[in-house]
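# this is a predicted model, with the sequence first.
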Amino acid sequence: MLDYDVEAARYDDTRGGVARAEAAADAIASLLRAVRARTVLDVAGGTGLVASRLARRGYDAVVCDRSAGMLALAAGRCPGRTLRGDATRLPFATGRVDAVVVVWLLHLLASPVEVAAVVSEAARVLRPGGMLVSTVDKDAGHPPDTDVERLLVSYGRTQGGAAPTDARGQVEVLARKAGLTLQAEGGFVGHGQGRVPAALADVLESSSRSYQHVEPRRKEALIRDLRALPDPDLARTPPTYRLLAWQKTGWARG
């Protein structure tokens, strides 16, 4: 996993910046209208770019992240509304928030056990009737017909092995076990996040981990083939990320 303290300074510029944050905030706000949420806890909220956009839409948005480097930037955007904490041990009392947002976290976790811990903790801090909004199937959001995706599939990214930790079906099961009921879904365009072959090759080369289900012994060949694609420094079509919204049971309509 990236060192987000180091990555903080360039994080937004390499993740679509304001355009991506506005798209994410619009999609999240659209889902939250169903529960008339006010307090929103943005778990792994990083630099606060999305949370600050939610605040502009009238929400009391709080950023929680375990990276001091990311929170240092978030503090400037969301003054007085940042907390350092782990997604599996949130620094909030039980039943205190209207909504929890988890964007681009579940796919980074090492196992379904960790995903279950995050989902369960989100459910704990939600008030009855509160809503959890999370991304799922992050890598599946990239258009399948680009040369990069075809290459990844040829190397077995989607063949065999365990499902990604943010696979929709798996997350839905864990959400139900945590007392959450699926209510709605949405999505947003990941502006500025189309795959760049050379950049993906650099990430693979600098990481001790293989990419999704690509066998470690084939990683070097994948790196070579990514760099050999036409226009290796050109971003491909941006992904469309999927959001799911679950409601905590125990809510009665007034």
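Everything's here; your move. Numbers count the residues shown, from 1 in each chain.
# helix/strand/coil for residue 23?
Of the three states, residue 23 takes helix according to DSSP: H, G, I helix; E, B strand; the rest coil.
# quick one: it and residue 191 touch, right?
Yes: here residue 23 lies in contact with residue 191, judged by Cβ atoms under 8 Å, at a distance of 6.1 Å. Heads up, the C-betas are built off the backbone N, CA and C, glycines and all.
# those two - which one has more neighbours?
Under the criterion of other Cβ atoms under 10 Å, the comparison of residue 23 against residue 191 puts residue 23 first, with 21 against 18.
# for residue 189, see how far away the more buried one is.
Residue 23 sits at a distance of 5 Å from residue 189 (criterion: Cβ to Cβ, to the nearest Å).
# one more: residue 66?
When Cβ to Cβ is the yardstick, residue 66 and residue 189 sit 28 Å from each other.
# with residue 198 instead?
When residue 198 is compared with residue 189 (using Cβ to Cβ), they lie 22 Å apart.
# do residue 134 as well
Applying Cβ to Cβ to residue 134 and residue 189 gives a distance of 18 Å.
# more neighbours: these two, which one.
Each of residue 134 and residue 189 has its neighbours counted (other Cβ under 10 Å); residue 134 has more, 24 against 18.
# next, the buried residues of the host helix or strand of that one.
With elements delineated by DSSP states H and E, residue 134 resides in strand 126-136, which encompasses its position. Buried residues in strand 126-136, defined by neighbour count with 16 or more other Cβ atoms under 10 Å: 126-127, 129-136.
# pLDDT and distance to residue 86 added to these, as JSON lines?
Putting these into JSON lines (pLDDT from 0 to 100; distance: Cβ to Cβ, whole Å) gives the following:
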{"residue": "126", "pLDDT": "98", "distance to residue 86": "17"}
{"residue": "127", "pLDDT": "96", "distance to residue 86": "21"}
{"residue": "129", "pLDDT": "96", "distance to residue 86": "25"}
{"residue": "130", "pLDDT": "97", "distance to residue 86": "20"}
{"residue": "131", "pLDDT": "98", "distance to residue 86": "21"}
{"residue": "132", "pLDDT": "98", "distance to residue 86": "17"}
{"residue": "133", "pLDDT": "98", "distance to residue 86": "19"}
{"residue": "134", "pLDDT": "98", "distance to residue 86": "16"}
{"residue": "135", "pLDDT": "98", "distance to residue 86": "19"}
{"residue": "136", "pLDDT": "97", "distance to residue 86": "21"}
